[in-house]
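Student: Dropping a prediction and its sequence here:
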Amino acid sequence: MVKIFIDPGHGGADSGATGNGLQEKNLTLKIATTLRDILVNEYEGVAVKLSRSSDETVSLEERTDAANNWDADYYLSIHINAGSGTGFESYIYPGVGAPTTTYRDIIHNEVLKVVDFANRGQKSANFHVLRESSMPALLTENGFIDTSSDAAKLKNASFLTSIARGHANGLAIAFHLTKKTTVLYKVQIGAFSKKSNADDLAAEAKSKGFDALVILKDGLYKVQIGAFSSKENADDLAEKAKRAGFNVIVYQE
Ligand SMILES: [Zn+2]
């Protein structure tokens, strides 16, 4: 089990940097919680702990104490920059070598692959979270909140998701995380050897408000009205279709 400690910078009474109607503490929390969700939902063998999961005041010491007590394998601190620059940069503690530098290079590059930011380079600084964490640590500065072009990007929710995705891709490579195999629960109301029969049933399902499609698989035309990663959602739809008079099966694929 790889233990990743994610530290959304600032929070509560400490808003961090502000500019263009944005507060750093809100952006870092959104990126960090999205990153946690990606790691936990999509990868095997990874545990994630956050220094905060809401808008609360947490001291720097409490943050590094939490990571050290949990015995994390990695400390990742997420920040937004200020000071009228533009782009992305990352920090490690001055003078540390591998594997910290290796992890840093991988994550830095993976973020820039999926995020439209200028590359300000890999840097070092004597920051508390880098110095007092007893495991390899990285701090990323994701754009400048007081630069209007960067702020415009940071106002876009899908851009924040991309930042999280870039960090997740880097962590996955650095720590050799393997993807979960996703199981889908499919809701099917019929399977026919003749396509016209499947089309007729799909039309009937559509007329009753179901989102039906015909899929050719294993030599059969299957009429499917839904596919879900959650079995509960599949069962709910199956129940509705039964009440509408269809013969329903839910199967995993
Ligand atoms: Zn900050």
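Tutor: Okay, I see it.
Student: Which single residue of the stretch 101-250 of the chain ends up nearest the ion?
Tutor: Using CB to the ion, Glu141 is the residue of the stretch 101-250 of the chain that sits closest to the ion, at 7.4 Å. The C-beta positions use only the backbone N, C-alpha and C, and glycine is treated the same way.
Student: And the residue sitting nearest the centre point of the chain, how far from Glu24?
Tutor: Per CA atoms, centre = their mean, the C-alpha nearest to the average position across the chain is that of Ile38, at 3.2 Å. In this view, Ile38 and Glu24 are 21 Å apart by CB to CB, to the nearest Å.
Student: show me where the protein has strands.
Tutor: Taking DSSP state E, the strands of the chain run over residues 2-8, 18-19, 22-23, 46-50, 74-81, 88-92, 119-124, 137-144, 185-192, 213-217, 220-228, 249-252.
Student: before we move on, back to that, and the residue of the stretch 101-250 of the chain closest to the ion, what does it touch?
Tutor: Counting by CB atoms under 8 Å, 6 or more residues apart in numbering, Glu141 touches 79-81, 88-91, 120.
Student: now, which of the residues you listed lie close to the ion?
Tutor: The subset of the contacts of Glu141 within reach of the ion, by CB under 5 Å from the ion, is His79.
Student: pLDDT and neighbour count added to the contacts of Glu141, as TSV?
Tutor: As requested, the contacts of Glu141 are exported to TSV (pLDDT from 0 to 100; neighbours: other CB atoms under 10 Å):
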residue	pLDDT	neighbour count
His79	98	27
Ile80	98	29
Asn81	98	22
Phe88	98	23
Glu89	98	21
Ser90	98	26
Tyr91	98	21
Arg120	98	17
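Student: any idea which of the contacts of Glu141 is closest to the ion?
Tutor: His79 (3.5 Å).
Student: and that closest one, what is it in contact with?
Tutor: Going by CB under 8 Å, 6+ apart, the list of residues near His79 reads 9-10, 16, 24, 28, 139-142.
Student: one step back: name whatever forms a beta bridge with the residue of the stretch 101-250 of the chain closest to the ion.
Tutor: The bridge-partner assignment for Glu141, based on DSSP bridges, gives His79, Glu89.
Student: and the chain, which residues reach the ion?
Tutor: Within the chain, the positions lying close to the ion (CB under 5 Å from the ion) are 9, 16, 79.
Student: circling back to that earlier point, of the contacts of His79, buried ones?
Tutor: 9-10, 16, 24, 28, 139-142 (16 or more other CB atoms under 10 Å).
Student: I'd like to know how far the residue nearest to the centre of the chain sits from Val114.
Tutor: Here the criterion is CB to CB. By it, Ile38 lies 12 Å from Val114.
Student: Likewise for Asp71?
Tutor: From Asp71 to Val114 the distance is 30 Å (CB to CB).
Student: Give me the more crowded residue out of the two.
Tutor: The neighbour comparison of Asp71 against Val114 (other CB atoms under 10 Å) goes to Val114, with 16 against 10.
Student: if I read this right, the more buried one contacts Asn169, doesn't it?
Tutor: Yes. With contact defined as CB atoms under 8 Å, Val114 and Asn169 form a contacting pair (6.9 Å).
Student: Adding distance to Ala198, write the contacts of Glu141 out as a markdown table.
Tutor: Formatted as a markdown table, these follow (distance: CB to CB, whole Å):
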| residue | distance to Ala198 |
| --- | --- |
| His79 | 54 |
| Ile80 | 52 |
| Asn81 | 56 |
| Phe88 | 50 |
| Glu89 | 56 |
| Ser90 | 53 |
| Tyr91 | 58 |
| Arg120 | 56 |
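Student: Thank you, goodbye.
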